[in-house]
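> quick one, structure for this:
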Amino acid sequence: MKLFLLVLYGFILFNPFINADVWTNLSEYQLGKGGDATVVTEIDKIIITTNPSEMGSVEDKLISVLESSNSTLDGKKQSLRFLDRIGTERSITVVANLLGEKDLALLARRLLESRKDSLVAFEALLAELPRVEDSLKVGIIATLAEHGNVSAVPHITPYIKSDNSILALSACNAIGRLGGALAYTHPIEDAVVGTISREDKIRAILDTTESIGSGYLKYYLENGANCSLQIQAFVKLHALDEYQAEKSFKIAFAESSAYQRQALVRTAMELDTTYQREFVRTFSSLSISDKLTVLGAISELGLSEYEGDLISLLVDSKGETFNQIVYALASIGGEASFHALYHEFQEDDSNPAITYAITQLELPLVDEHLLKVVSGQSTSDIQERIAAITPLVLRNPDGSASVFSDLIDPSQIDVLRKAGFKAIEAAGDIENCKSLANLIVSNDVFKRQAQQSLKKAALRINKGDDLWQSTFEPILKSSSTTLEQKESLMVIIDGIPTGGSLNYLKEQIMLPTSPLRSLAIRMLGRWPKYTAGEVWIELVLDESSTVDDQRAALKGLTRILTRDEIERNANRRLELAARAIKTAPNTSYKIKILECFKDSDEYTRRRMKVHFLPLLDNSELSSIVKSLMVSE
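Residues are numbered from 1 along each chain as shown. Presented below is the predicted three-dimensional model:
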């Protein structure tokens with residue numbers, strides 16, 4: 001038992017150092033990558049088993065990941081989550097520096113928010129507040145309010161004058177939570193919050209639950225110079241005196257700027273149906289900006305009761321107003337809206353607003369109508385059928401695939417077939433891919449178009465294993481398929497870069513007598529994944545490998561090691577390069593592999609010291625390897 005405890009203690013004490021490479025894996029971590037996900041579990045075990053007195057080394061490793069410019073976004077996010085559990089004040093400065101980065105700000109702020117007793121965290125928040133953009137200031141201000149330290153008030157107060165209404169409102173809310181409104185009426189207010197204007201004091205008071213007279217609210221609604229102040233006064237006055245609020249609203253609306261009117265209109269429509277009906281009734285007399293605001297409110301508030309009114313407005317509307325009515329009907333409309341919109345679509349099928357609206361209506365009627373039109377069941381007009389393909393593709397309901405396959409049938413006229421190919425590229429399924437494959441091997445007049453469409457559809461569907469087993473493998477492995485038919489399908493095999501398709505290429509390549517060997521080598525040279533590297537290495541090692549084979553393998557390997565579109569994982573590339581060099585037929589071959597890394601970044605150069613370490617013992621390569629490991 002004592003021996004077990006000693007072993008366990010040793011593991012706990014030295015665990016962070018034994019697992020040193022796990023931090024490299026964390027810096028390369030990508031959410032959703034199966035192999036990389038284990039790093040989260042590994043670090044979690046390290047945290048659980050590490051002696052508290054040694055936790056500082058773990059924190060330092062996590063800080064290093066955050067500071068490295070080579071770390072992935074997901075690696076930094078995960079590091080912040082770990083630091084939220086174990087971080088001390090030593091990590092606060094680094095975390096605070098991330099408050100200005102949109103993708104990391106939320107996690108950084110959450111960590112600092114949880115350190116409510118930390119003066120260092122509080123001061124870091126204050127320091128970063130003026131440095132970040134407005135959208136991120138809103139979150140920092142909310143976090144300062146959570147800290148509950150009233151000394152934050154003078155730092156927040158300037159933002160209640162902001163032209164950004166969201167930022168101004170968040171500042172008001174924070175000051176109200178911190179007791180700012182009470183501080184404004186306190187005899188020693190200057191000592192607490194500094195010199196603050198009367199309007200700023202009112203703003204904070206409006207944000208509290210204190211009772212305020214209607215006359216006071218009426219004045220600030222009718223005369224408020226700041227939009228957010230007007231809105232707050234309007235909401236409170238409406239709750240206190242609806243009649244007075246309506247009268248003051250009309251005065252404010254008539255005298256306010258376009259920007260203020262938009263905020264007033266939106267608030268009014270949220271508060272009361274009276275305002276909604278009035279704006280719809282007087283819609284034609286409103287300015288363009290006010291019309292758009294009303295339509296936006298109808299859409300976002302889901303006011304379907306005004307569907308009929310909007311349909312009637314379509315006739316005399318044009319330009320942006322017309323488009324916004326269309327968008328609003330897409331949001332709130334029913335069958336009446338569909339009939340109206342489809343009529344407009346028939347008049348002008350080039351307007352993307354109408355097409356979008358038709359795709360957004362959540363009605364079975366829409367799908368039924370489009371399927372009948374495109375299939376020719378409800379019309380024989382070719383142009384109408386082709387026009388309806390676009391909304392059908394965008395909606396892609398059940399039954400679409402069958403219609404698409406019918407469109408590309410050799411019995412159809414050419415213009416319909418071409419439209420069908422494009423539809424399958426955008427929305428086709430595996431059954432459509434089978435139809436395309438059959439056209440290809442039957443040497444259809446549109447064989448080339450079918451090849452292009454099949455490859456595009458396969459890449460979009462992204463179900464390589466299913467497509468290989470259902471569409472490619474049965475044809476390529478059938479004894480009844482001719483060589484020409486196999487070749488016509490193999491030229492697009494890189495559209496399904498899966499294990500089965502790669503193994504098929506490997507079988508043809510490693511069989512010198514295969515009539516498909518030359519084509520297989522060419523297709524492997526276009527493979528979009530780094531897994532092709534293993535086949536190239538096997539080809540070089542094969543006893544029957546020729547000089548041409550070695551040349552093709554070198555070209556394929558250098559492509560994998562240098563092309564941006566192929567997975568850019570430094571460790572995997574270095575590992576592949578090391579294996580390729582180890583099995584290379586000559587020194588020239590090895591040098592060309594090494595030359596792939598001449599423009600490497602700092603992180604890759606550091607990792608070379610691990611993967612290329614054995615090469616330093618090679619007298620022919622050592623000088624080249626050393627030069628690669630050193631930054632210029």
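> buried residues in stretch 106-123?
107-109, 111-113, 115, 121-122 (16 or more other Cβ atoms under 10 Å). For glycine as for every other residue, the C-beta is placed from the backbone atoms N, C-alpha and C.
> for stretch 512-522, same thing?
For stretch 512-522, the neighbour count (16+ other Cβ under 10 Å) marks 516-517, 519-521 as buried.
> so where's this protein shaky on pLDDT?
Scanning the chain for pLDDT under 70 picks out 1-20, 32-37, 176, 179-213, 224-226, 631-632.
> quick one, what contacts the closest residue to residue 375 other than its chain neighbours?
Nearest non-adjacent residue to residue 375, counting by Cβ to Cβ, 6 or more residues apart in numbering: residue 403, 4.9 Å away. By Cβ atoms under 8 Å, 6 or more residues apart in numbering, the contact set of residue 403 is 371, 374-375, 392.
> so which of those wins on neighbours?
Using other Cβ atoms under 10 Å as the neighbour criterion, residue 374 leads the contacts of residue 403 with 29 neighbours.
> surely that residue meets residue 391?
No - contact criterion Cβ atoms under 8 Å: residue 374 and residue 391 do not qualify, at 9.3 Å.
> neighbours around residue 334, how many?
Neighbours around residue 334, by other Cβ under 10 Å: 14.
> among the buried residues of stretch 512-522, which are in helices?
Among these, DSSP state H puts 517, 519-521 in helices.
> tell me the one among these nearest to residue 428.
residue 519 (25.7 Å; Cβ to Cβ).
> show me the contacts for that closest one.
487, 490-491, 508.
> next: residue 39.
22, 25-26, 29.
> mind telling me what element it is part of?
Secondary-structure element containing residue 39, defined by DSSP states H and E: helix 38-49.
> for the helix or strand just after that helix, packing partners?
Next helix or strand after helix 38-49 toward the C-terminus (DSSP H and E): helix 55-67. Applying 3 or more Cβ pairs under 8 Å, 6 or more residues apart in numbering; DSSP states H and E, one finds that helix 55-67 contacts helix 2-18, helix 21-27, helix 38-49, helix 73-86, helix 92-96.
> quick revisit: the contacts of residue 403: which two are farthest apart?
Across these (Cβ to Cβ), the longest gap, 9.6 Å, separates 375 and 392.
> return stretch 621-628 as CSV; C-alpha atoms alone will do.
Extracted in CSV, the C-alpha atoms of stretch 621-628 (Å, rounded to 0.1, in the frame of the first residue of the first chain):
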residue,chain,number,x,y,z
LEU,A,621,21.5,16.7,-44.5
SER,A,622,22.5,18.1,-41.1
SER,A,623,23.5,21.5,-42.3
ILE,A,624,20.2,21.9,-44.2
VAL,A,625,18.2,20.7,-41.2
LYS,A,626,20.0,23.1,-38.9
SER,A,627,19.4,26.1,-41.2
LEU,A,628,15.7,25.2,-41.3
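> buried set for it?
621, 624-625, 628.
> follow-up on the earlier one: among the buried residues of stretch 106-123, which are in helices?
Those of the buried residues of stretch 106-123 lying in helices (DSSP H): 107-109, 111-113, 121-122.
> which one of these sits closest to residue 552?
residue 107 (47.1 Å).
> spatially nearest residue to the closest one (excluding sequence neighbours)?
The nearest residue in space to residue 107 (Cβ to Cβ, 6+ apart) is residue 80, at 4.1 Å.
> what number of residues lie near that neighbour?
Neighbour number of residue 80 under other Cβ under 10 Å is 24.
> show me the contacts for it.
Residue 80 neighbours (Cβ under 8 Å, 6+ apart): 66, 95, 98, 104, 107-108, 111.
> residue 244 contacts residue 221, doesn't it?
No - contact criterion Cβ under 8 Å: residue 244 and residue 221 do not qualify, at 9.2 Å.
> now list whatever residues contact both of the two.
Counting by Cβ under 8 Å, 6+ apart, the contacts common to residue 244 and residue 221 are residue 237.
> who's more crowded, these two?
The neighbour comparison of residue 244 against residue 221 (other Cβ under 10 Å) goes to residue 221, with 27 against 16.
> that one and residue 237 touch, don't they?
Yes - using Cβ under 8 Å, residue 221 is in contact with residue 237, at 5.8 Å.
> what touches both of the two?
245, 248.
> ok, residue 62 - contacts?
26, 79, 82-83, 87, 91.
> out of those residues, which comes closest to residue 317?
residue 79 (52.9 Å).
> tell me the contacts of that closest one?
Going by Cβ under 8 Å, 6+ apart, residue 79 touches 26, 62-63, 65-66, 71.
> mind checking the SS state of the residue positioned nearest the centre of the chain?
When Cα atoms, centre = their mean is applied to the chain, the residue found nearest the centroid is residue 103 (10.7 Å). Taken by DSSP: H, G, I helix; E, B strand; the rest coil, the conformation at residue 103 corresponds to helix.
> surely it meets residue 74?
No - in this structure residue 103 lies outside contact range of residue 74 using Cβ under 8 Å: 9.8 Å.
> which element is residue 603 on?
Using DSSP H and E, residue 603 falls within helix 602-611.
> which residues sit against that helix?
Residues outside helix 602-611 that contact it (Cβ under 8 Å, 6+ apart): 24, 27, 68, 70, 570-571, 573-575, 577-578, 597, 600, 625, 628-631.
> which residues in the chain form strands?
Counting by DSSP state E, the chain forms no strands at all.
> next, the contact list for residue 122, please.
Contact analysis of residue 122 by Cβ under 8 Å, 6+ apart lists 144, 147, 149, 152.
> who touches the third one in this structure?
Contact analysis of residue 149 by Cβ under 8 Å, 6+ apart lists 122, 178.
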